[in-house]
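J.: structure, please.
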Amino acid sequence: MSAPAPAVTDKNGKITSHQVKSGVAAWLGWMFDGLDMHLYTLVALPFVAELMGLIDTDQEVKEKASYIQAAFLAGWALGGGLFGLVGDRLGRTRALILTILTYALFTGLSFFAQTWWQLMIFRFLAALGIGGEWAVGASLLSETWPAKWRPWLAAILQTGVNIGVLFANLAGFLLSSYPNRTVFLVGVIPALLVLWIRKEVPEPEAWEQAKGTVRPGIADLFRGNLLRTTLVTLLVCSFSLSGHWAFMFWSTQQVGRLQIETMQHADLPPSTEEIRSAGKSMTNKALSVLMFSSILGNFVAAVLAKFLGYRWAILLLCAVYGAMLFLTYSVVRLPAEMLWWFVPLGICQGVFGLFTMYMPPLFPTLLRTTGAGFCYNIGRLAAAGATIVLVFLPVPDLRHALLWTGGPLLAAACVGLMLPEHQAEA
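T.: Model prediction:
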């Protein structure tokens with residue numbers, strides 16, 4: 001295991017323009033990550049139903065929608081490994097440009113999908129870029145900012161994802177009167193960011209100094225002292241992301257359906273169009289509550305990392321997240337009541353911001369992007385499986401299925417006891 005790379009500061013220890021530009025580039029990249037990754041969840045069931053010529057409550061539509069999301073998560077995982085290698089060989093900034101162009105292009109092409117499997121292919125290819133951007137952005141900041149800033153940088157960077165999701169939500173609201181496929185055109189906007197990054201953001205000094213040395217390969221993650229670190233980190237990521245993404249994809253769908261069912265059983269039920277509109281509105285509200293709560297949770301996680309260290313902060317938040325999922329779905333709740341339970345669940349999601357600054361320094365410089373990307377994004381392969389499995393669980397409805405999403409998070413907390421520690425400096 002190597003020590004964190006030295007930060008690029010001036011002789012007085014002040015923050016430099018290099019650091020600011022790398023931070024802005026990573027934050028904007030993550031914001032557009034959040035935008036692109038959640039455009040599909042806004043229209044998943046109605047758009048897939050449209051492509052299949054069925055109604056959105058059909059079981060086959062749910063299955064195909066889950067396959068598409070699983071393909072997205074699988075692409076995210078593979079993209080983390082692929083662009084991790086690119087980032088360690090070509091440089092962080094160059095790789096960042098390639099990841100953004102990849103997810104912007106294929107999110108835009110999703111607009112032209114004519115079948116559900118075409119949409120699945122476009123989402124898979126877009127996810128390659130989104131998964132790669134996480135690994136590259138995390139390494140870029142860990143190599144350019146001092147350790148004492150990193151818990152707050154993790155919070156700010158993760159906030160970019162949350163704000164991106166909120167922008168996706170806003171886009172869905174503004175384009176609600178247009179065909180469902182229209183939202184994917186919004187995903188082309190990030191391509192404009194590439195022009196600024198190419199001109200203004202240099203490669204980190206740590207990478208420039210190390211690039212001429214012998215280049216390790218991905219197999220080196222499983223040798224010597226790195227083997228234990230890689231395996232434990234991989235398990236924590238796999239468990240936590242499985243529970244989290246199964247919850248994130250299906251929870252908003254479940255609360256939207258709950259709103260529809262509540263209105264259908266009213267003494268004087270509204271029209272079908274009003275009921276559908278209310279269901280869609282509740283889905284948007286649920287996602288907004290989760291994202292605003294997650295923004296708060298990012299800074300809660302940073303405070304915990306400062307006082308407890310990364311390891312204890314990660315396992316504590318995973319444990320609380322898992323317990324809250326069991327409590328939330330253990331009984332039948334009204335739609336409005338569900339929104340209140342989404343607040344603590346959103347706060348617990350701050351744990352994923354900590355991985356950003358915690359993981360890269362665990363690996364040597366020329367394995368930093370590869371190691372962080374591999375461990376975090378391969379965890380999404382497990383998450384892809386969990387998203388599909390949830391549909392086929394032998395339970396009466398999605399509430400009972402969502403109840404079990406807490407299990408993997410509690411497992412992540414247990415395995416987290418074996419994580420290595422490097423302190424969040426004061």
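J.: can we go C-alpha only for contacts and neighbour counts from here?
T.: Noted.
J.: quick one, strands of the stretch 101-250 of the chain?
T.: Assigned strands in the stretch 101-250 of the chain: none (criterion: DSSP state E, counting those that start in this stretch).
J.: what stretches of it score poorly on pLDDT?
T.: Applying pLDDT under 70 to the stretch 101-250 of the chain flags residues 135, 195, 198-199, 202-217.
J.: and the helices in it?
T.: 116-142, 150-174, 193-200, 205-210, 226-264 (DSSP state H, counting those that start in this stretch).
J.: same check, this time on the stretch 301-426 of the chain
T.: Using DSSP H, counting those that start in this stretch, the helices of the stretch 301-426 of the chain run over 310-329, 335-348, 351-358, 368-392, 398-403, 406-415.
J.: least reliable of those going by mean pLDDT?
T.: When the helices of the stretch 301-426 of the chain are compared by mean pLDDT, helix 368-392 comes last with a mean of 74.
J.: would CSV of the helices of the stretch 301-426 of the chain with distance to G256 and mean neighbour count be doable?
T.: Shown next, in CSV, are these (distance: least, C-alpha to C-alpha, whole Å; neighbours: other C-alpha atoms under 10 Å):
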stretch, distance to G256, mean neighbour count
helix 310-329, 15, 22
helix 335-348, 8, 20
helix 351-358, 25, 26
helix 368-392, 16, 25
helix 398-403, 11, 20
helix 406-415, 21, 23
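J.: so which of these is nearest Q118?
T.: helix 368-392 (18.1 Å; C-alpha to C-alpha).
J.: now that closest one against helix 116-142, angle please.
T.: Using axes from the mean of the first three to the mean of the last three C-alpha atoms, to 10 degrees, the inter-axis angle of helix 368-392 relative to helix 116-142 is 140 degrees.
J.: what's the mean pLDDT across stretch 286-300?
T.: 91.
J.: who touches it?
T.: With contact meaning C-alpha atoms under 8 Å, 6 or more residues apart in numbering, stretch 286-300 is reached by 152, 154-156, 158-159, 162-163, 165-166, 169, 252, 255, 339, 342-351, 353.
J.: check stretch 101-119 too.
T.: Identification of contacts with stretch 101-119 by C-alpha under 8 Å, 6+ apart yields 36, 48, 51-52, 64, 68, 122-123, 125-130, 181-191, 194.
J.: quick one: it to chain centroid distance?
T.: 19 Å (C-alpha atoms, centre = their mean, to the nearest Å).
J.: look at that stretch and report the distance between its end residues.
T.: In stretch 101-119, first residue to last residue: 18 Å (C-alpha to C-alpha, to the nearest Å).
J.: could you do stretch 326-342 as well?
T.: 12 Å.
J.: got it, and stretch 400-413?
T.: 22 Å.
J.: which residues does that stretch contact?
T.: The contact list for stretch 400-413 (C-alpha under 8 Å, 6+ apart) reads 235-244, 246-247, 250-251, 314-319, 321-326, 328-330, 390-391, 393, 395.
J.: chain center to that stretch: distance?
T.: A distance of 17 Å separates the centroid of the chain from that of stretch 400-413, by C-alpha atoms, centre = their mean.
J.: please apply the same query to stretch 129-149.
T.: Computed by C-alpha atoms, centre = their mean, the separation of stretch 129-149 from the middle of its chain amounts to 14 Å.
J.: only alpha carbons, please: show it as CSV.
T.: The C-alpha atoms that make up stretch 129-149 are tabulated as CSV, following Å, rounded to 0.1, in the frame of the first residue of the first chain:
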residue,chain,number,x,y,z
GLY,A,129,-18.4,6.3,-19.3
ILE,A,130,-20.3,6.9,-16.1
GLY,A,131,-18.5,4.1,-14.2
GLY,A,132,-15.1,5.3,-15.6
GLU,A,133,-15.7,8.9,-14.6
TRP,A,134,-16.1,7.9,-10.9
ALA,A,135,-12.7,6.2,-10.8
VAL,A,136,-10.9,8.9,-12.8
GLY,A,137,-12.4,11.8,-10.8
ALA,A,138,-11.7,10.2,-7.5
SER,A,139,-8.0,9.7,-8.4
LEU,A,140,-7.7,13.2,-9.8
LEU,A,141,-8.7,14.8,-6.6
SER,A,142,-6.8,12.4,-4.3
GLU,A,143,-3.6,13.4,-6.1
THR,A,144,-4.2,17.1,-6.1
TRP,A,145,-5.7,18.0,-2.8
PRO,A,146,-4.3,17.7,0.8
ALA,A,147,-5.5,14.9,3.0
LYS,A,148,-7.2,17.3,5.5
TRP,A,149,-9.5,18.5,2.8
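J.: what are the neighbouring residues in contact with E421?
T.: Going by C-alpha under 8 Å, 6+ apart, E421 touches 309-311.
J.: out of the helices of the stretch 301-426 of the chain, which gets nearest to S176?
T.: Nearest to S176, of all the helices of the stretch 301-426 of the chain, is helix 335-348, at 21.4 Å by C-alpha to C-alpha.
J.: the closest one packs against which elements?
T.: helix 226-264, helix 272-308, helix 310-329 (3 or more C-alpha pairs under 8 Å, 6 or more residues apart in numbering; DSSP states H and E).
J.: helix 272-308 and that one, what's the angle between them?
T.: Using the same axes, to 10 degrees: helix 335-348 against helix 272-308 is 30 degrees.
J.: tilt between helix 335-348 and helix 226-264?
T.: Helix 335-348 and helix 226-264 meet at an angle of 170 degrees, taking the same axes, to 10 degrees as the criterion.
J.: what lies in contact with helix 335-348?
T.: Helix 335-348 is contacted by residues 255-256, 258-259, 282, 285-286, 289-298, 300, 317-318, 320-321, 324-325, 328 when judged by C-alpha under 8 Å, 6+ apart.
J.: ok, and for the strand or helix carrying R89, which residues are buried?
T.: Following DSSP states H and E, one finds R89 within helix 59-90. By neighbour count with 16 or more other C-alpha atoms under 10 Å, helix 59-90 contains the buried residues 61-89.
J.: tell me what it is packed against?
T.: Counting by 3+ C-alpha pairs under 8 Å, 6+ apart, helix 59-90 packs on helix 17-52, helix 92-109, helix 116-142, helix 368-392.
J.: any residues touching stretch 263-273, and which ones?
T.: Stretch 263-273 has contacts (C-alpha under 8 Å, 6+ apart) with I275.
J.: would you mark the buried spots in that stretch?
T.: So, applying 16+ other C-alpha under 10 Å, buried residues of stretch 263-273: M263.
J.: now do that stretch, average pLDDT.
T.: For stretch 263-273, mean pLDDT rounds to 76.
J.: before we move on, what about stretch 38-45?
T.: The pLDDT scores in stretch 38-45 average 84.
J.: how far away is the residue nearest to T99 when sequence neighbours are not counted from W117?
T.: Counting by C-alpha to C-alpha, 6 or more residues apart in numbering, T99 lies nearest to G129, which is 4.1 Å off, once chain neighbours are set aside. Distance, G129 to W117, by C-alpha to C-alpha: 19 Å.
J.: that'll do, ta.
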